[in-house]
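S.K.: fold the stuff below for me.
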Amino acid sequence: MADRAMAVAAWEALFRAQVSIMRRLSAVFPSEVMSLNEYDVLFNISRAPGRRLRLKDLNRHLLISQPSVSRLVDRLAARGWVLKTDDPLDGRGTIVELTAKGFDEFRRAALHHMEAITDRVGGTLDDDELRQLISLCDRLREAQGPTPPPSRHLED
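M.R.: Prediction:
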């Protein structure tokens, strides 16, 4: 078992690095097109098979609460970026599908965002360090077990 002071110092370093990087990325994100929360929704749907995802499953991947996700998906649907349909396997569920228009908007923002990430992270760490960071973060995440639902205070 690791030393308590060392574990707390490592957490603090990881947390502060993440906050600092996110603030920089937020400052250059094309927010006139979409918010970071909207981008996160589109990103998660874009990675799903057929670019379709159950709303319930989408909620598990985001840092905002379920009511906020529902409102955000409604806004994206009003723009024509996603389609909402009833889940044929669960009449109470909803499927959210990325439209061609939504994918085009997501892709434009993603290219800009990836460039900023490459500058901020890839410009600081070499490939071996990046692989090590991925491995360490994956281990930390996997050790936590299933992800609990987000807290109500993480609203969009």
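
S.K.: spatially nearest residue to Val82 (excluding sequence neighbours)?
M.R.: In space, and not counting its chain neighbours, Val82 is closest to Leu76: 4.5 Å by Cβ to Cβ, 6 or more residues apart in numbering. All C-beta spots, glycine's among them, are computed from the backbone N, C-alpha and C.

S.K.: list of residues touching stretch 26-44?
M.R.: 53, 58, 61-64, 68-69, 72-73, 75-76, 81-82, 98, 102-103, 105-106, 108-110, 112-113, 116, 156 (Cβ atoms under 8 Å, 6 or more residues apart in numbering).

S.K.: out of the residues you listed, which are buried?
M.R.: 53, 58, 61-62, 64, 68-69, 72-73, 76, 81-82, 98, 102-103, 105-106, 109-110, 113, 116, 156 (16 or more other Cβ atoms under 10 Å).

S.K.: beyond the lengthiest strand in the chain, next helix or strand please.
M.R.: The longest strand of the chain (DSSP state E) is strand 90-98. Counting by DSSP states H and E, the next helix or strand C-terminal to strand 90-98 is helix 100-117.

S.K.: which residue is nearest the centroid of this protein?
M.R.: Nearest to the geometric centre of the chain sits Asp40, at 4.0 Å (Cα atoms, centre = their mean).

S.K.: what's the helix or strand for it?
M.R.: Per DSSP H and E: helix 36-47 holds Asp40.

S.K.: I'd like the average pLDDT over that helix.
M.R.: Per-residue pLDDT over helix 36-47 has a mean of 95.

S.K.: which SSE is immediately downstream of it?
M.R.: By DSSP H and E, the next helix or strand past helix 36-47 is strand 52-54.

S.K.: can you list contacts of that next one?
M.R.: By Cβ under 8 Å, 6+ apart, strand 52-54 touches Asn44, Ile45, Asp87, Asp90, Gly93, Thr94, Ile95, Val96, Glu97, Leu98.

S.K.: good, we can wrap up now.
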